[in-house]
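Participant: Sharing a model that was predicted from the sequence below.
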Amino acid sequence: MLSKFDYQRPKSLQEALTFLGEYPETKLLAGGTDLMVVLRRNMQIVDHVLDIKEIPETKRFEYKPGEGLFIGASVTVNQISESEPVKERYMALKQAADSLASYQLRNRATLVGNICNASPGADLASPLLVFDAVVHIATPQGNKEVPIQSFFTGVKRTVLNPGEIVIGVQLADSETEDHSVFLKQARIKGHDLGIAGITLRMTPSHKVSVAMSAVAPTPIRLVDLEKQISEKSLDDTLPEWLESEIKNHIKPISDIRSSADYRLHISGVLAKKGMKKLLEMGGK
Amino acid sequence: MRDQELKHIGKPYNRKDGQEKVTGQAVYVHDMELPGMLHAKCVHSPHAHAKIVSIDTSEAEKVPGVKAIVTGKDAPYRVGLYMVDKNLIATDKVRYQGEIVAAVAAVDETTAERAVSLIKVDYEPLPIIHNVDEALEGNILVHEDLHTYEHMAGVFFPQKGTNIASWNRTLKGDVKKGFEEADFVLEDEFSVPAVAHVPMETHVTIAKADPYSDKVEIWSSGQSPFAIRQLLAKSLGINKSDVHVTVPYIGGGFGGKAGIHLEPFVTILSRAAKGRPVKLKATREEEFNLLPTRAGMRTRVKTGVKKDGSITAMEIYHDWDSGAYADYGVNVGKTAVYSGAGPYHVPNIELHSRTIYTNKVFSTAYRGFGHLETHWGIERHMERIATELGMDPFDFRMKNALKPGDTTISGELVYKTTGSPTACLEAVAKEIGWTGRKTEAERAEELKTGKIRGKGLALLQKAPAMPSYTSTAAIMQMNEDGHVKVMIGAIDMGQGANTVMAQIAAEELKIPMDDVEVVWNVDTDKHPYDWNTVASKYTFMGGNAVRKAAKNMIQQMKEVAAQVLRCHPDELEHDNGVIYHVHHTHRQIPFKKLAMGYMYENGNGIGGPVIAHGIYMASGLTNPDPETGQGRPGLVWTFGAHGVDLEVDVETGEVHVLKIASAFDIGKVINKKLVDGQVLGGVIQGLGSALIEGYKFSPDAKLLNPSFTDNKIPTAKDIPDQIVPIYIEDPETAQVDGPYGARGIGEHPMISVPSAIGNALYDALEIDFYRLPLNPESVALAIANASKKQ
């Protein structure tokens, strides 16, 4: 590792923002499971690293009826996986959390880190997209909120400006009758990155939303597809229809992990399986 | 020897080094620090094939803490086991992306890494050889001076002015006539990609070169300390006796640490640093991208058969993509000459095995040594022949498998005591409940569930691949307390050699296991010679040597005891740590009174320290005939078979292995716990080759997956539900010249695992697969394409 960096661990948000104002190129550290890879491979040379885990606001992890779920930037993926409100109301998020990397890595990795890294294949992005998450960002000018749909701007790129910190994400409230499912295809059954990931959600009023990862430059919510689904009846023919239709809404690439052909194929398979599960869970 | 007479052989003892390893006390080279030790880092070529125009190290030299920088001009040496074709550091040109171009030794790793980043290399890219077809065109040469390279003459056949490092041939019978006799001829092509060994411990070496003499001390994670000694001395032009190699515990080898690797290169760095010890530990990326792999391989095979299913003739081309070097790779290729058609009786055969240079990471030994690769093609091909003939693939294999009286493709006569492939096949077929192929109706019924089950069978064989004159030795010393220390030259890298050798010593000496210790930390200045820890040969060869040493130790004690007991040594027996008279059993002397010589009551001493040795030399082996490949290369054959029962998800393409039954005619199981370990590990490693693993290269021949991010191996979630090891221990077919009838099994479990899975996929889907790996993508797309055609 060629980087020789100065390590900061501020105890307040203000302290952190002040430091970032002085050194805007500072890298933020939460779990470090992505940052350490970048540093070890010398993909970036970094002078300052700011650890956000002592900032009180980032530790908040709370479900409030009517408001929804807030997940602070220091909350680990395993904390999410083990949370009762998540299991009760945001099942797809739990399933996605359980599919990310390995248990050991999930002890450190954070959900906010996963979306800030902005990989097209970010496992936790598609559940956030269907639960209409809002990203809470602290800036030198004050706090701002950005819907997750507008958060990603490209491969490994977000709307974040230098000097800004994501404090956490707020998920819209979800009722216990709200059903969701996350499915992911990888090369192996153990610890692996996804070739494609999908989250499907059905609200008690039978509104279906669909989001995918690893099939476009960013994780995406398939809004047009959702519109088409809303015009269809929720019967046994829906999964098969979705299997072929979803391929018209994504444009995956070929890379080291998969060919575009298989990504298209498996996206259809995952969509069909996911929709079948949703219907079984009581959507009909 | 009947089983009830054996005290230690056949007992599932825990491995002797187990506690030390699980408690973290075992010392590996990665743990070692020497006074004044420097750390090395390397500059790697970003190009697959390029001229080195210039190297500027001036900025790196200025970094405080840098003690030495070396480039190709500082290392005008080549190295290699069978073919001396590899520069220690790339000189004049680079032949693969990842090759070492320069290196730095500095006071710590960070300093060395910083200095490395400041070395500027100018390259002039050259046209790249991507694969064996481009290589065979011969327009671009990876090695212009191939014809000048030193190699084992008459055994390997480099082709001047080509990219063929060695072209080995088998010619048996009359192939033309054989094909004329056939009722049916089938031709196929199969391939496997390059695959990494992935030991838990990456390669590591510490070298300390005496600045005032030629003496060199090496601490290495190598599998083969004596091969390192020999090849390092040869490479640097110094005496073998000036090279002192120590190998402490190592964290897995799988063939990737056989022969010689970083040791001479690190020696050059130590010399440049005026004799300070220098440590180089490979990063995981270097393990994938600098150090060698298993070669990719393509098989083209044509077979003639009669209507009754008997094979009349075969013509085979095995073309090995050895990458930039073939120093060990040529010998992998050579194995095909005597084993490259599987364990079958083939009366007429023409086989070509060509080890070919390309501009990719180079190849070396890998568990199975060419056999997983050749057997992938051959065992899939045999399955297809059975299909074409409308024969049950089990019956087809039973009919053609080697039997006593047959000769192998290299003309070796098969004896009853060579072992029985058919016994293995019958055992696994029974275990998985093989009743023939699935019917169309069964398949259609299962398809409704989205998952189809399939069963498949495959045979396998392997004998050690090694020089015909390979030898080994053991030294045994008795301490005053009657305990015995055994020294061997082989490395226990997890296979359990030290435990098995202790069992053999304890058996022969008739003492408890706790009284025997095989001394670890193999040291070429102290331990006796062993050629290489490879080839599944050590239980057989080392076992015979330890047995002889133990017999010799007993004989020494009997001769002294005979004087004391006033009898002939032949009248004496031994048991429970005493030498006693066979009839007057009360006339006895404990071992401990003989260990350092016997002392009479008046003070007279006779005898002396009891130190024994035993040797084993490979017996009766010959080099293959250069033209026909005929000869006797196989010291000991181990036959085996796998039966697979799997389920394939027709939508995702995921293959779930429910059961693998694996049978081996091992002759005698010396330690079931350890042998089970070999089988379970080998089967899972074979599963990795079958379903997951493989190198991927960019169009400019750069390795795209040099880390665990994209070079996946099986995890705990990917293993079969059930692995059932079966051992054939029939005294009729056991190895008469092996210790207690035993044969090697270290490599065999992974051979033919892909073939059995490929055959089971055919049973499930009626789709033939020709390339590995059978990952979800390739399986799902094949299913999708097949249904489109219908």
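Facilitator: Looks like it arrived, so ask away.
Participant: Near chain B, which residues of chain A? Just list them.
Facilitator: A:1-2, A:42, A:185, A:187-193, A:195, A:256-259, A:261-262, A:265-266, A:269, A:272-273 (CB under 8 Å from any CB of the partner chain). (C-beta placed from N, C-alpha, C; glycine too.)
Participant: Which residues belonging to the helix or strand hosting B:A612 are considered buried?
Facilitator: Assigning secondary structure by DSSP states H and E places B:A612 in strand B:611-617. Neighbour counts over strand B:611-617 (16 or more other CB atoms under 10 Å in any protein chain shown) mark B:612-614, B:616 as buried.
Participant: pLDDT and distance to chain A added to those, as TSV?
Facilitator: TSV is the format used below for these (pLDDT from 0 to 100; distance: CB to the nearest CB, whole Å):
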residue	pLDDT	distance to chain A
B:A612	98	49
B:H613	98	47
B:G614	98	45
B:Y616	98	42
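Participant: Provide the secondary structure category for B:F190.
Facilitator: Classification of B:F190 by DSSP: H, G, I helix; E, B strand; the rest coil places it in strand.
Participant: now swap in the one 10 residues further on and tell me
Facilitator: The local conformation at B:M200, judged by three-state DSSP, is coil.
Participant: What of B:F265?
Facilitator: Classified using three-state DSSP, B:F265 is helix.
Participant: Helices - which of the residues of chain A next to chain B land there?
Facilitator: A:261-262, A:265-266, A:269, A:272-273 (DSSP state H).
Participant: where do the strands sit along chain A?
Facilitator: A:6-8, A:27-29, A:48-51, A:61-64, A:68-72, A:134-139, A:142-147, A:152-154, A:157-158, A:165-171, A:179-186, A:194-202, A:208-213, A:220-221 (DSSP state E).
Participant: Which of these has the highest mean neighbour count?
Facilitator: Compared across these, strand A:194-202 shows the largest average neighbour count, a mean of 28 (mean count of other CB atoms under 10 Å in any protein chain shown).
Participant: How about stretch B:469-480, which residues are buried there?
Facilitator: Buried-residue list, stretch B:469-480, by 16+ other CB under 10 Å: B:470, B:472-479.
Participant: ditto for stretch A:81-99
Facilitator: So for stretch A:81-99, counting by 16+ other CB under 10 Å, buried means A:81, A:83, A:85-86, A:89-99.
Participant: quick one: pLDDT of B:E5?
Facilitator: pLDDT recorded at B:E5 is 87.
Participant: Next one: whatever residue of chain B ends up closest to chain A from B:M200, what distance?
Facilitator: Nearest residue of chain B to chain A: B:T715, at 2.6 Å (CB to the nearest CB). From B:T715 across to B:M200, the span is 14 Å (CB to CB, to the nearest Å).
Participant: Against B:D737, how distant is A:A216?
Facilitator: For A:A216 relative to B:D737 (CB to CB), the value is 65 Å.
Participant: Any idea what the closest residue to A:F131 other than its chain neighbours is bridged to?
Facilitator: Leaving out its chain neighbours, the residue that sits closest to A:F131 by CB to CB, 6 or more residues apart in numbering or on different chains is A:L171, at 4.3 Å. Beta bridges link A:L171 to A:L69, judged by DSSP bridges.
Participant: residues touching A:L171, list them.
Facilitator: Residues counted as contacts of A:L171 (CB atoms under 8 Å, 6 or more residues apart in numbering or on different chains) are A:68-71, A:90, A:93, A:128, A:131-133.
Participant: Equivalent analysis for B:H381, please.
Facilitator: Counting by CB under 8 Å, 6+ apart, B:H381 has contacts B:186, B:188, B:190, B:299, B:301, B:303.
Participant: hmm, back to that, buried among the residues of chain A next to chain B? Make that a ChimeraX selection.
Facilitator: The ChimeraX command for the buried members of the residues of chain A next to chain B (criterion: 16+ other CB under 10 Å) is given here:
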select /A:1,185,187,188,189,190,191,192,193,195,257,258,259,262,265,266,269,272,273
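Participant: Noted, bye for now.
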